[in-house]
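**Q** A structural model of the following input is requested.
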Amino acid sequence: MPTSDISRWSTDFRKRYDGVRLQQGRVVTDDDVNEAARLEFEDRRRTRVDVIGPAGSPDNGFALANVTTGPAGPDFTIDAGTLYVGGLRLNLDDPTTYLGQSDFLQIEPIPAPAAGRVDLVYVEAWQQHVSAVEDSEIFEVALAGADTSTRLKPMQRIRVAAGVGGADCHAALDAVIAASPNDGTLTAQLERRTDAQLTVTFDPNTTPPNLCTPPVQGGYLGADNQAIRVEIVSPTEFMWGFDDASPMYRVQIKTDPNTAQRTVVHLLTAPKDQAHWPLADQTIELLPWGALLPNGEKVAETTGLLVKVQASFDPDTHDISIDTNVPLAFGAAWQQHAAAAALAAGEQFVFMRVWNRGADLATPAKIAFVPNGAAVPLGDTGLRVEFKGTQFRRGDHWVVAARPESRNVVVPWQLMTAREPHGYRRFVAPLGLISWALDANNALVGTVIDDCRPTFPPLTRIKSCCTYTVGDGVESFGQFASIQNAIEALPTGGGEICVLAGRHVGRIRIVGRRGIRIHGCGHRSLVVPGQEPNGGPLVYIEDSEFIELDRLRLEAPSGIQSRESDNEGAITSHLTFERRAASTSSTTRSRLPAACFAGCFRSTR
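**A** Model (predicted):
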């Protein structure tokens, strides 16, 4: 669903709110719940960007391979897995193909390739509402037809920019961004953000829409609480409607037998009451399929074809007529999709939403505006809007909450100065470069020449040569707070213990072990004895072999003691230590003799 029926959009991230708390005995509105969700999502999104970066994959998700050419045109596979883009988590449960994307039913075939051409493959992602009109499984039938909440779906579309030239992922993406300036520039978080802003003012010369409404000077003239949606259609046109332009239906486009034109719209979804019947001269928008859900339901595109109603809704036939002959090609790009056969076998329809403007029936479907120019009135509401900026992307919109109780104020207040769009926030990231060349048989072959996806291992897969790390709990933090505890946790085959910077208190005892290396951060890893009652050497090694100590600062008068066992065949050997002489600051590596007792090695301070 391109929108949802909300009361207002008051979230302002500049306030740095961190959550919403309910109070006893108070009314809870949809905006309370929605703001809590927005704050939580934005915090999660920013955290992901801080930790992961603007883009990254922990697996082979969205990797490109198997470039082919066939009757349907060029195609390639997209591997299953996860990709983070701008903090959004995108996921493919199973491998797919470019022509088989479930979120891109109005697929754009790749232009016929030519030798020497380089194409950029990139992903575009955003969050979109899905209503029960689209996914009827959401309907709670016990409510007798009333719908409830919408669902948020992360939309992910892989697109191809042909002929970007060069072999650099980021330069190619920059070229794509530059080629469509109205869609905005790219931020460091990979968000395409425009500079468009909306300002709401009040028209002092507007009269109330009916005689029952008392005259008001300079304010909202409506008698109802409204969420007015203002949406960009083109760089010089916009549209607006009450109820956040949320009323939506499944419809079929039919041919008028009298004119042989496709101007009849048959509503498969009945309006919930007479107040919602589409009326003559109202503006409606026809929306094609945008995505296919796993249960076979379809999600609408965010924008579509704007038309005006000519004949009002007929409750007997469920038909309206419109002023525009809908082309046969409208919304039919899915016929080039890999799932075209299955889609064709199901019910054929498109979606329709109503841009209800109340008593304002005279204004055209698309209303002209001049960027940075004069304010344009929103019918007879008493509100005017000004558009500032240079980049106006189709589908960007604002939600203006107008209330009769505060006629000179709209929410969010920022709209009365200048406010960036409420949505849709779109994020893009490069996936790979495909180069086209002639093979030995003079046939065009596509090859993925660069994987543009940054990758990272999950935390549990980040491995180093260290079996365990030891921190002192003050300056550093490791898996253990004691070197001795780390030694005892090592497997019988030995391992490596990394002693992090800090002051490590406690003696080291290695008995009957082999293959242990303990190393630190040089003079920053200080090891000192504790207050053990029996004392003894700082490091005691017995019946062990292949023991290595290096880059540790040992401070103890008794130093290192190595002892052979009395048992035949059990010796202490291959002991390596590193010592830094105090006078020369040089480092020497030596082997301890097979038997070395207290005083064989005494560290310098």
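**Q** can you tell me the centre-most residue of this structure?
**A** The centre of the chain sits closest to L88, judged by C-alpha atoms, centre = their mean, with a distance of 1.5 Å.
**Q** from M155, how far off is that one?
**A** Noted for L88: a distance of 9 Å to M155, by C-beta to C-beta, to the nearest Å. Any C-beta I mention is one placed from the backbone N, CA and C, and that applies to glycine too.
**Q** now do the shared contacts for the two.
**A** Shared contacts of L88 and M155 (C-beta atoms under 8 Å, 6 or more residues apart in numbering): 125-127.
**Q** dump the residues you listed into CSV; add pLDDT as well.
**A** CSV is the format used below for these (pLDDT from 0 to 100):
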residue, pLDDT
A125, 98
W126, 98
Q127, 97
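**Q** closest one of these to I487?
**A** Distance to I487 across the shared contacts of L88 and M155 (C-beta to C-beta) is lowest for A125, with 48.5 Å.
**Q** can you tell me the SS state at that closest one?
**A** Classification of A125 by DSSP: H, G, I helix; E, B strand; the rest coil places it in strand.
**Q** gap between the longest helix anywhere in the chain and the chain center?
**A** For the chain, the helix with the greatest residue count under DSSP state H is helix 30-52. With C-alpha atoms, centre = their mean, to the nearest Å as the basis, helix 30-52 stands 11 Å off its chain's centre.
**Q** and the helix or strand following it, what does it pack against?
**A** Remark: after helix 30-52, the chain's next helix or strand is strand 55-56, criterion DSSP states H and E. Packing partners of strand 55-56 (3 or more C-beta pairs under 8 Å, 6 or more residues apart in numbering; DSSP states H and E): strand 81-85.
**Q** for the helix or strand just after the strand it packs on, output the C-alpha coordinates as PDB.
**A** As assigned by DSSP H and E, the chain's next helix or strand after strand 81-85 is strand 88-92. The C-alpha trace of strand 88-92 is given here as PDB (Å, rounded to 0.1, in the frame of the first residue of the first chain):
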ATOM      1  CA  LEU A  88      17.800  -1.800   6.400                       C
ATOM      2  CA  ARG A  89      18.100  -5.600   6.600                       C
ATOM      3  CA  LEU A  90      17.400  -7.100   3.200                       C
ATOM      4  CA  ASN A  91      17.000 -10.900   2.800                       C
ATOM      5  CA  LEU A  92      16.600 -13.500   0.100                       C
END
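**Q** list the helices and strands strand 88-92 packs on?
**A** Under the contact criterion of 3+ C-beta pairs under 8 Å, 6+ apart, strand 88-92 touches strand 81-85, strand 118-130, strand 151-161.
**Q** ok so, going back, what's across from the residue nearest to the centre of the chain in the sheet?
**A** Beta-bridge pairing for L88 (DSSP bridges): V85.
**Q** how far away is it from V49?
**A** L88 sits 10 Å away from V49, going by C-beta to C-beta.
**Q** then D273?
**A** Here D273 is placed at a distance of 45 Å from V49 (C-beta to C-beta).
**Q** can you give me the strands in the stretch 101-250 of the chain?
**A** With DSSP state E, counting those that start in this stretch, the ranges of strands along the stretch 101-250 of the chain come out as 118-130, 151-161, 185-186, 191-193, 197-202, 226-234, 237-241, 248-256.
**Q** mean neighbour count added to these, as CSV?
**A** Output for the strands of the stretch 101-250 of the chain, formatted as CSV (neighbours: other C-beta atoms under 10 Å):
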stretch, mean neighbour count
strand 118-130, 22
strand 151-161, 18
strand 185-186, 17
strand 191-193, 20
strand 197-202, 20
strand 226-234, 22
strand 237-241, 23
strand 248-256, 18
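**Q** who wins for proximity to S464 among those?
**A** The minimum distance between S464 and the strands of the stretch 101-250 of the chain falls on strand 118-130, with 32.0 Å, by C-beta to C-beta.
**Q** sheet partners, orientation included, of that closest one?
**A** When DSSP bridges is applied, strand 118-130 pairs with strand 151-161 (antiparallel), strand 426-438 (antiparallel).
**Q** need the three-state assignment for G61.
**A** Put simply, G61 is coil when judged by three-state DSSP.
**Q** for it, which non-adjacent residue is spatially closest?
**A** Distances taken as C-beta to C-beta, 6 or more residues apart in numbering put G81 closest to G61, at 2.3 Å, once the chain neighbours are dropped.
**Q** swap in W240?
**A** Once flanking residues are discounted, W240 sits nearest to V230: 4.8 Å by C-beta to C-beta, 6+ apart.
**Q** need the per-residue pLDDT for the one you found.
**A** pLDDT, V230: 98.
**Q** contacts only, for R453.
**A** By C-beta under 8 Å, 6+ apart, R453 lies in contact with 55-57, 61-63, 83, 429-432.
**Q** ok, S102 next?
**A** By C-beta under 8 Å, 6+ apart, S102 lies in contact with 96, 291-294, 339.
**Q** related to what we said a few turns ago, which one of the shared contacts of L88 and M155 is nearest H519?
**A** Distances from H519 to these, taken as C-beta to C-beta, are shortest for A125 (44.6 Å).
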